[in-house]
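*Asks:* Sharing a sequence plus its predicted fold:
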Amino acid sequence: MRTIQGIGVSAGRVLGPSRRMPPPVPEPDAEAKPGPDSTVDGEKARLKEAAEAVRGDLLHRAETASGDAKAVLDATAMMASDPMLLKAAGKHINAGMATDRAIWEAGMEVAAMLQSLGGYMAERTQDVLDVRSRIVAELNGLPAPGIPASDVPFILTAVELAPADTATLDPAMVIGLVTSEGGPQSHTAILARSLGLPAVVGAPGADEVADEAEIYLDGTSGTVVVEPGDEERAAAQKYASRSSLPVFNGTGATSDGHQVPLLANVGSGKDARAAAEAGAEGIGLLRTEFCFLGRDTEPTIEEQVAAYGAVFEAFPGRKVVIRTLDAGADKPLPFLTDATEPNPALGVRGYRTDYVSPGVLARQLEAIAAAAGAHTADVWVMAPMISTAEEAADFAVMCAGAGLGMPGVMVEVPAAALMSEAILSRVRFASLGTNDLTQYTMASDRQLGSLASLNDPWQPAVLQLISATVAGAARATALEPAAGTRTVGVCGEAAADPALAVVLAGMGVNTLSMTPRALSGVGAVLGSVTLEEAKELAARALAAHSAAEARTIVRSRLPLLEQLGL
Ligand code: PEP
Ligand code: MG
């Protein structure tokens, strides 16, 4: 029995065999030549055989997969037998290139061609690149990249997951996630919460646990036990028989009726439809950059109108907060951000890209206004990474110019939290991006597992800044009541933690926006306290001297968390 301590980022206690995420397939050497005994025909036949094997493997996996994972596996299998790809590789083999390099190059050429066609074709780019890597792995006897295949449910161990891994992660097979890297705001954490999978990140050495070893994980305490004992077995069993979460009834409120609308974070029309089905009262964050990740050209106004319209359509008459492109750092967009910046998280990202690429933001606002005009959703627009009142004022002017009447800002930079009164005198609302606010307050990269304990929204300094933002908003409202109440929402991952959600409501936060999966847990726990109790818990959390102390005090006062396995 061996215990590894990490950071629990998605609640749940599960036990199962581990499977390791293989490392990415290395790029074949560009200078390598075919072996001395090989022939052009022989190499082409070997390539065809490898492609067939990849296709067969993908089809086999698609048979047992479900939902999105099945669709992606089917589409990728089709790509593996695409004659265009093999023909392009054949040309390189004819020219004397080594076979693995030939398919690598061919993959890049086909991907570039699909990208240039745009639309549906451009969306297939990732499939081609994936198939290419799989064929190279097959040719070189390496493990296939991506989520490993398995006939039994397993706990996935990895260094860290990338957004692209989401597509083939089948929640019926993967019952838990453990990564050695990543913090509470990492992609793995966000993915785990959106799928409702128990997860621990920042668990050193977790990616080296032998395949098949039995592991236990507790997604609340962050404990991972390799070869667990009776105690862990009993804990997992107790979790499996927990009371089921009540379905969210569509109104976030404390037990005495103080309403805190529960909204959803989405990245596409499809997400928005799922959020509406889960009962979200609106959208608190549409990450527009998610609509265009991987693009190396600016999306056209028409493309943008279609992408945003699909989200507005899912929430007729409801509030939809759309965020302008937040490119940079962990979300690079080649047409906006400079990949060579030495310190991208502190660089030209978010709203700041308008300094160096003027026009993109104005065109985006034009597209948002056009999409809003075609739907009944109540559209609010906010800019990411605002640091000063001047930036807020400039953004409000741009919104007014586009005919958008509800300008707001994200509060992600400590400077904005401290200046919230001045900022909210210029715009109508603020939304706390606690993922970035935590990373900037604690000066700790949100992707780094080794800093995960600093990167915790329960950190007292972060809670103080949230409280300061709410207080500043109240002062801005009091100074100019005619301009309406300046509301403050939270759309970072903090809002999805039911215990922290109670604290935020107690601090006076007006709305909470989260992955739709979290709605029922947050709704239930919020509904288990009165507003006075929430205020008292907020006061206790604010008085704590450490993140652990704040979390422990608050959790001990919310017995429903344990009953629901949260
Ligand atoms: C945040 O920083 O909390 C946020 C919601 O933005 P993102 O996670 O997209 O950076
Ligand atoms: Mg952010």
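*Replies:* Thanks, I have it. Ligands and ions are numbered 1, 2, ... in the order given.
*Asks:* Could you measure from the most centrally placed residue in the chain over to ligand 2?
*Replies:* The C-alpha lying nearest the average C-alpha coordinate of the chain belongs to residue 190 (Cα atoms, centre = their mean; 4.3 Å). Distance of residue 190 to ligand 2, given as Cβ to the ion, to the nearest Å: 11 Å. From N, CA and C alone the C-beta is placed, and that goes for glycine too.
*Asks:* Quick check, pLDDT for the nearest residue to that residue once chain neighbours are set aside.
*Replies:* Setting aside the residues directly before and after it, residue 190 is nearest to residue 493 in space (Cβ to Cβ, 6 or more residues apart in numbering), at 6.7 Å. Residue 493 is assigned a pLDDT of 90 by the prediction.
*Asks:* swap in residue 134?
*Replies:* So residue 134 comes in at 92 (pLDDT).
*Asks:* tell me which element the closest residue to it other than its chain neighbours is part of?
*Replies:* In space, and not counting its chain neighbours, residue 134 is closest to residue 54: 4.5 Å by Cβ to Cβ, 6+ apart. Element membership of residue 54, judged by DSSP states H and E, is helix 40-64.
*Asks:* List the buried residues of that helix.
*Replies:* Within helix 40-64, the residues scored as buried using 16 or more other Cβ atoms under 10 Å are 43-44, 47, 50-51, 53-55, 57-59, 61-62.
*Asks:* Surely the residue nearest to residue 190 touches residue 189?
*Replies:* Yes. With contact defined as Cβ atoms under 8 Å, residue 493 reaches residue 189; the gap is 6.8 Å.
*Asks:* Who has more neighbours out of those two?
*Replies:* The neighbour count for residue 493 versus residue 189, taken as other Cβ atoms under 10 Å, is higher for residue 189 (30 against 26).
*Asks:* The residue in the stretch 101-250 of the chain that ligand 1 sits nearest to: what's it in contact with?
*Replies:* Using Cβ to the nearest ligand atom, residue 185 is the residue of the stretch 101-250 of the chain that sits closest to ligand 1, at 6.4 Å. Listed by Cβ atoms under 8 Å, 6 or more residues apart in numbering, the contact partners of residue 185 are 435-436, 438-439, 446, 455, 492-493.
*Asks:* what's the closest of these to residue 108?
*Replies:* residue 446 (30.7 Å; Cβ to Cβ).
*Asks:* and the closest one, what element?
*Replies:* Applying DSSP H and E, one finds residue 446 in no helix or strand.
*Asks:* From ligand 2, how far out is it?
*Replies:* To ligand 2, residue 446 is 9 Å away according to Cβ to the ion.
*Asks:* how about that residue, phi and psi?
*Replies:* phi -70, psi -10 (degrees, to the nearest 10).
*Asks:* what about stretch 281-289, near ligand 1?
*Replies:* Yes. Part of stretch 281-289 sits near ligand 1 under the criterion Cβ under 6 Å from any ligand atom, namely 285, 287.
*Asks:* Residues contacting that stretch, please?
*Replies:* 250-252, 261-267, 272, 275, 304, 307-308, 311, 315, 318-327, 331, 333, 364, 378, 431, 489, 491, 495, 511-514.
*Asks:* how about the residue nearest to residue 134, what does it touch?
*Replies:* 80, 131, 134-135, 138, 144.
*Asks:* Which positions in the helix or strand that contains residue 398 come out as buried?
*Replies:* Element membership for residue 398, per DSSP H and E: helix 389-402. Across helix 389-402, burial judged by 16+ other Cβ under 10 Å covers 389, 391-396, 398-399, 402.
*Asks:* secondary structure class for the one residue in the stretch 1-150 of the chain that gets nearest to ligand 2?
*Replies:* The minimum distance from the stretch 1-150 of the chain to ligand 2, using Cβ to the ion, falls at residue 9 (16.6 Å). Secondary structure assignment for residue 9 (DSSP: H, G, I helix; E, B strand; the rest coil): strand.
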